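Novice: Task: produce atomic coordinates for the following.
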Amino acid sequence: MIIVNMLEAKTQLSKLVEAIENGSEEEIFIARNGRPVARLVSLPDREPSALLGIAQGQFEFDKNTFDSLDEEVADMFGIPQAKELSKP
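Specialist: All right, here's what the predicted structure looks like:
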């Protein structure tokens, strides 16, 4: 267990984090006025989340209806449509 003061933690933060990452230290306490107030520890490994595609096949939408809203949304934001841009 290491206890470092606030100034040392501020100037040596990358080295302190590296010590946690490589496992040479399990936890580092940061003190203010000699009293520990914070603890630097490693986060547990996380499994990658499988959220992408989680609702695949559960919803249907009509592409034509969806695309028809493009003009309405563009008008709301004052964005000229592609067909307007191609006019001479």
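
Novice: Pull stretch 69-78 out as CSV, backbone CA atoms only.
Specialist: Provided in CSV are the C-alpha atoms of stretch 69-78 (Å, rounded to 0.1, in the frame of the first residue of the first chain):
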residue,chain,number,x,y,z
LEU,A,69,-39.7,12.1,-43.6
ASP,A,70,-36.3,13.4,-44.8
GLU,A,71,-37.9,16.4,-46.6
GLU,A,72,-40.0,17.3,-43.6
VAL,A,73,-37.1,17.2,-41.2
ALA,A,74,-34.9,19.1,-43.6
ASP,A,75,-37.5,21.8,-43.9
MET,A,76,-37.7,22.1,-40.1
PHE,A,77,-34.0,22.8,-39.9
GLY,A,78,-34.0,25.0,-43.0
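
Novice: And stretch 69-83, how far out from the chain middle?
Specialist: 31 Å (CA atoms, centre = their mean, to the nearest Å).

Novice: just stretch 30-39 next, same as before
Specialist: Distance, centroid of stretch 30-39 to centroid of chain: 28 Å (CA atoms, centre = their mean).

Novice: and if you look at stretch 44-56?
Specialist: Counting by CA atoms, centre = their mean, stretch 44-56 comes out at 14 Å from the chain centroid.

Novice: pLDDT on that stretch, on average?
Specialist: Stretch 44-56 shows an average pLDDT of 73 in the prediction.

Novice: Span of it from start to end?
Specialist: 30 Å (CA to CA, to the nearest Å).

Novice: With stretch 23-40 instead?
Specialist: Per CA to CA, stretch 23-40 runs 12 Å from first to last residue.

Novice: Tell me which residues of it come out buried.
Specialist: Glu25, Ile28, Phe29, Ile30, Leu40 (16 or more other CB atoms under 10 Å). In short, each C-beta sits where N, CA and C put it, glycine included.
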